[in-house]
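1. Quick one, structure for this:
(one chain, ligands or ions: 1)
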Amino acid sequence: MARCRLTYLLRRWSSSSKSSASQVWVLLSHPQSRRNLSGFPSNRRFSSSSNSFLGESSLFLSEFSSHGAKAFSTIGGEESNDSVYDNGDAIDSKLEKEHFDDVDIATSVEHGDESIDEPGFCSSHGRYADFDDDDIVANVGNIGSEVKNEHFDDNDAAAISQLEAEPLDEVGLRKNYDRYGHIASHEPVDIYRQLRDMPKDAKLCKEDWLLLQEIFGRFARSAWASNQALAIYIGASFFPTAVHKFRGFFLGHCQDDVAMYLLSLGPSDEAEKFLFPVFVEFCLEEFPDEMKKFRSMVESADLTKPHTWFPFARVMKRKIIYHCGPTNSGKTYNALQRFMEAKKAVYCSPLRLLAMEIFDKVNALGVYCSLHTGQEKKTVPFSNHVACTVEMVSTDELYDVAVIDEIQMMADPARGFAWTRALLGLKADEIHLCGDPSVLSIVRKICLDTGDELVEQLYDRFKPLVVEAKTLQGDLRNVRSGDCIVAFSRREIFEVKLAIEKQTKHRCCVIYGALPPETRRQQATLFNDQDNEYDVLVASDAVGMGLNLNIRRVVFYNLSKYNGDKVVPVPASQVKQIAGRAGRRGSRYPEGLTCTLNLEDLDYLIECLKQPFQEVKKVGLFPFYEQIELFAGKLPKVTFPQLLDKFAENCRLDGSYFLCQQAGIKKVANMLEKVPGLSLEDRYNFCFAPVNIRDPKAMYHLLRFASSYSQKLPVNIAMGIPKGSARNDAELLDLETKHQVCSMYLWLSNHFKEETFPYKQRAEAMATSIAELLGESLTKACWKPESRQAGKQKPEQKKEGYERPQSLIKIFDKSRVSRSSMGVPLNTVRFETSCGNGNGNGNGNDEAQNDPCKPAYSLSSQKPALFYASGRGSKRPMPAPYGKRSKRNEQTLPQDKSDKVAA
Ligand SMILES: Nc1ncnc2c1ncn2[C@@H]1O[C@H](COP(=O)(O)OP(=O)(O)OP(=O)(O)O)[C@@H](O)[C@H]1O
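-> Prediction:
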């Protein structure tokens with residue numbers, strides 16, 4: 001991406017005329033911008049009249065643009081404007097304020113690239129902005145259109161009072177350019193001063209006036225100018241107002257030669273480049289207070305140089321050891337060796353589940369270790385070791401060794417900030433990072449910033465991972481002992497479990513994200529244990545991390561998932577992570593196998609596994625409460641959700657960082673707006689409570705907790721628990737929600753004063769009982785899944801990116817559905833005859849399907865199977881109708897287990 005590298009050097013300047021003036025130099029360092037500047041010197045001098053507020057600070061716009069990140073931006077909102085106007089500054093008329101607000105509304109319409117086509121320009125901040133309300137209306141949807149004659153104001157009236165001069169044609173303009181070209185070499189400060197000192201009686205003919213209007217119109221809409229203005233702390237929301245004033249000033253005072261030169265440039269990039277430095281001079285003199293305020297707001301949302309937030313860690317000479325490799329290569333094992341050897345050490349886990357695993361494992365090996373997660377604190381006497389979730393790690397404690405597991409999660413859009421904080425802030429002599437290579441280069445860069453020593457240790461997989469090209473041929477009856485079927489929705493997981501248990505002798509364990517860690521561990525143990533009949537695992541992507549599982553083969557039920565908005569392909573890194581679970585060291589399988597259920601997904605699986613790890617360019621950051629509090633001081637009247645928005649709009653980030661998504665936080669923040677009496681800090685803390693924002697019952701309980709808390713009442717958990725395990729999916733969902741509510745209560749009790757959440761023990765006991773009930777329920781589960789949003793209309797799910805190729809089965813299904821809707825008898829579908837017996841139940845060809853000697857995939861053997869609706873509304877083939885459990889399923893346990901051992 002070509003970039004306009006305008007480097008601003010703000011230097012102290014002692015001017016002979018103004019003793020305290022600061023001077024702004026603009027250095028146009030990009031050849032592209034030089035080329036576009038006819039007659040514009042590359043280092044024109046600016047001055048400001050005694051505007052020392054810019055002080056020693058230097059803003060290097062080239063830095064912002066070179067990272068392709070927005071430097072800082074404001075999309076105007078009423079609140080920030082109010083804060084500017086409330087203090088009675090330069091712009092004070094109500095009329096203007098209204099105008100300002102309207103412009104702000106208009107600015108929220110994104111208009112990226114309509115004004116400037118130079119590739120180097122940042123176009124993401126294009127604005128609808130013109131000079132008055134009418135103009136805004138007139139120009140919305142008509143950017144670049146002719147400026148209407150009726151848009152005159154007082155300045156304009158003066159300027160066009162005498163229309164005696166002849167308008168210039170093209171030849172005249174060219175002549176003017178030759179004649180007035182020298183203006184371009186004048187210092188902007190001189191141009192500005194001359195204009196300022198001119199009497200306000202400029203005279204222009206109407207056509208010239210209109211052309212100047214167009215030039216200023218383009219300037220006001222210029223994303224480039226708006227972005228550059230940020231360097232002098234003219235915010236994007238104030239920029240249109242500033243240009244409006246500037247235009248009035250210019251048209252009122254303009255000298256012939258300056259006007260002629262500008263007219264000769266016409267509405268062009270050159271005109272913008274010519275006007276901009278004069279505009280800077282104007283702003284420095286006219287809007288010092290607005291600029292000061294904007295600067296102060298921007299500075300309070302400054303997330304640049306995050307390594308400087310941890311001065312104690314910076315004075316340490318830390319050694320970072322990056323254990324870099326694919327899954328199942330011994331990274332964590334090696335890091336944990338150092339953890340256990342150390343006198344004082346901390347292990348940071350991506351999941352509660354994994355923290356619990358390490359806690360158990362390390363204690364079992366005789367190293368006293370405590371556990372610290374958001375929900376529970378288990379302090380082991382005399383322990384100097386702690387296993388915690390990464391969000392809970394202390395950056396105050398001193399450690400000899402720290403381990404940060406799954407370091408690639410620094411790039412996670414929502415939680416990445418926790419890993420970044422741990423890496424930057426941990427006070428440990430030795431820090432072990434375990435992860436794939438995707439963040440290696442950015443860790444190198446961070447270590448340069450922090451001054452830490454980096455040692456890289458590369459790993460290879462212990463056992464090979466082999467793709468089985470045969471796939472399951474769309475038939476779940478081809479599942480074998482030791483398989484893990486991965487599906488990406490809860491509904492699909494239960495559908496698959498039900499189908500496998502109905503159609504085969506296998507019994508399934510289940511693991512998905514909404515289950516408590518205890519239940520997931522119980523299911524994992526059940527699956528790993530050779531002495532029971534549960535030999536198949538059906539799991540979501542939650543299986544990709546944290547559990548030691550004896551999986552022989554990972555089978556992807558599908559490779560697309562709903563991301564809350566639309567159905568998207570599962571990212572390659574995630575596919576690798578999940579597939580890599582097969583053939584773990586220590587398991588009895590000599591190699592790991594992976595494949596898909598359907599042949600049509602196989603290519604995508606292979607493509608994902610072949611792909612090298614994508615290098616991550618940015619890692620996550622999120623402001624601490626103190627930063628939010630500081631920022632709130634600049635915008636005293638806004639609500640917490642508005643504050644979060646404003647922070648996101650105004651924050652500045654270095655090129656290696658992004659601001660973590662706040663959709664979940666925002667949703668909770670919006671809900672808590674109904675609760676008066678919460679302090680800013682309370683709101684901030686409540687927003688981080690672990691709650692499934694798509695579960696209305698869990699959200700209701702969070703609201704209830706916050707309401708009691710705000711009324712200074714002891715917060716009561718006020719929830720009963722069922723006596724027995726779930727008998728259907730609705731009861732199972734209810735148990736999941738109830739566990740989540742307990743978990744939320746426990747989290748809150750650890751984050752607020754103990755006396756405000758006094759029923760912690762009760763919540764713990766309830767959580768344990770519910771986890772047990774869930775475990776029992778899952779082993780028995782044989783029902784059709786329900787939706788948590790039952791009764792609610794599901795949003796239409798859009799497909800994006802990777803499209804699974806339409807299988808013959810799907811085509812068959814479609815034509816079958818459309819024929820039936822047209823009243824055509826189904827048995828007349830020709831496709832059925834060519835592809836199988838057409839009874840849709842999958843019977844009649846079982847041997848061929850299950851015969852390992854048959855070719856991996858044969859169209860002729862592909863039967864039209866029973867179809868059923870999946871969670872996403874798509875149709876999927878089912879191997880056979882639901883019915884009685886087959887005889888094989890009723891066989892005795894030893895038979896099952898011998899099969900498992902022989903596998
Ligand atoms: N040197 C070793 N001796 C014995 N067992 C080992 C050794 N190295 C690793 N293992 C075992 O191999 C398995 C995989 O190791 P580990 O969890 O460290 O891999 P990893 O690369 O961190 O994988 P992932 O990224 O999937 O967590 C674990 O069960 C671990 O205990």
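2. quick one: V568 and the ligand, what's the gap?
-> According to C-beta to the nearest ligand atom, to the nearest Å, V568 stands 24 Å off from the ligand. In this view, the C-beta of every residue, glycine as well, is placed from N, C-alpha and C.
3. S743 - that's part of a helix, no?
-> Yes. According to DSSP: H, G, I helix; E, B strand; the rest coil, S743 belongs to a helix.
4. which residues does it contact?
-> 375, 516, 690, 767 (C-beta atoms under 8 Å, 6 or more residues apart in numbering).
5. what's the longest strand seen in the chain packed up against?
-> Determined from DSSP state E, the single longest strand within the chain is strand 427-435. On a contact count with 3 or more C-beta pairs under 8 Å, 6 or more residues apart in numbering; DSSP states H and E, strand 427-435 meets strand 319-324, helix 331-341, strand 398-404.
6. Go again with 10 Å.
-> Packing partners of strand 427-435 (3 or more C-beta pairs under 10 Å, 6 or more residues apart in numbering; DSSP states H and E): helix 311-315, strand 319-324, helix 331-341, strand 345-349, strand 398-404, helix 416-425, helix 440-450, strand 453-458.
7. Can I get these in JSON lines including mean neighbour count?
-> What follows is the helices and strands packed on strand 427-435, written out as JSON lines (neighbours: other C-beta atoms under 10 Å):
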{"stretch": "helix 311-315", "mean neighbour count": "13"}
{"stretch": "strand 319-324", "mean neighbour count": "22"}
{"stretch": "helix 331-341", "mean neighbour count": "19"}
{"stretch": "strand 345-349", "mean neighbour count": "28"}
{"stretch": "strand 398-404", "mean neighbour count": "23"}
{"stretch": "helix 416-425", "mean neighbour count": "24"}
{"stretch": "helix 440-450", "mean neighbour count": "18"}
{"stretch": "strand 453-458", "mean neighbour count": "14"}
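8. and of those, who's closest to the ligand?
-> Relative to the ligand, the nearest member of those by C-beta to the nearest ligand atom is helix 331-341, separated by 3.3 Å.
9. dump the residue contacts of the residue in the stretch 551-700 of the chain that the ligand sits nearest to.
-> Closest approach between the stretch 551-700 of the chain and the ligand, counting by C-beta to the nearest ligand atom: R585, at 3.3 Å. Applying C-beta atoms under 10 Å, 6 or more residues apart in numbering to R585 gives the contacts 328-330, 333, 461-463, 548.
10. who wins for neighbours among the residues you listed?
-> N328 (23 neighbours; other C-beta atoms under 10 Å).
11. Tell me how many other residues surround E281.
-> Neighbours of E281 (other C-beta under 10 Å): 26.
12. coming back round to it: in three-state terms, label the residue of the stretch 551-700 of the chain closest to the ligand for me.
-> Counting by three-state DSSP, the backbone at R585 sits in coil.
13. and the gap between F688 and A414?
-> For F688, the distance to A414 equals 11 Å [C-beta to C-beta, to the nearest Å].
14. go on, A771?
-> The gap separating A771 from A414 is 25 Å, by C-beta to C-beta.
15. How about K617?
-> Taken as C-beta to C-beta, the span from K617 to A414 is 18 Å.
16. Repeat that for C687.
-> The gap separating C687 from A414 is 13 Å, by C-beta to C-beta.
17. hey, what's in contact with both of these two?
-> 662, 664-665.
18. Next step: those residues restricted to helices.
-> With helices defined by DSSP state H, the entries of the shared contacts of C687 and A414 inside them are 664-665.
19. Compare A771 and A414 and say which one has the larger neighbour count.
-> It is A771, of A771 and A414, that has more neighbours when counted by other C-beta under 10 Å, with 22 against 15.
20. follow-up on the earlier one: got the helices and strands packed on strand 427-435 as JSON lines, with distance to the ligand columns?
-> As requested, the helices and strands packed on strand 427-435 are exported to JSON lines (distance: least, C-beta to the nearest ligand atom, whole Å):
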{"stretch": "helix 311-315", "distance to the ligand": "25"}
{"stretch": "strand 319-324", "distance to the ligand": "7"}
{"stretch": "helix 331-341", "distance to the ligand": "3"}
{"stretch": "strand 345-349", "distance to the ligand": "11"}
{"stretch": "strand 398-404", "distance to the ligand": "10"}
{"stretch": "helix 416-425", "distance to the ligand": "15"}
{"stretch": "helix 440-450", "distance to the ligand": "14"}
{"stretch": "strand 453-458", "distance to the ligand": "11"}
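21. Which among these is found nearest to G775?
-> In terms of C-beta to C-beta, the element of the helices and strands packed on strand 427-435 nearest to G775 is strand 345-349, at 21.8 Å.
22. if we can go back for a sec, nearest to H182, of the contacts of S743?
-> Taking C-beta to C-beta as the measure, H182 sits nearest to P690 out of the contacts of S743, at 67.4 Å.
23. got a list of what that closest one touches?
-> By C-beta under 10 Å, 6+ apart, P690 lies in contact with 352, 374-375, 391, 664, 698, 702, 740, 743-744, 746-748.
24. Check pLDDT for those and point me to the minimum.
-> Checking pLDDT across the contacts of P690, the minimum falls on G664 at 86.
25. What sits closest to it if chain neighbours are left out?
-> Excluding the flanking residues, the one nearest G664 by C-beta to C-beta, 6 or more residues apart in numbering is I693, at 5.1 Å.
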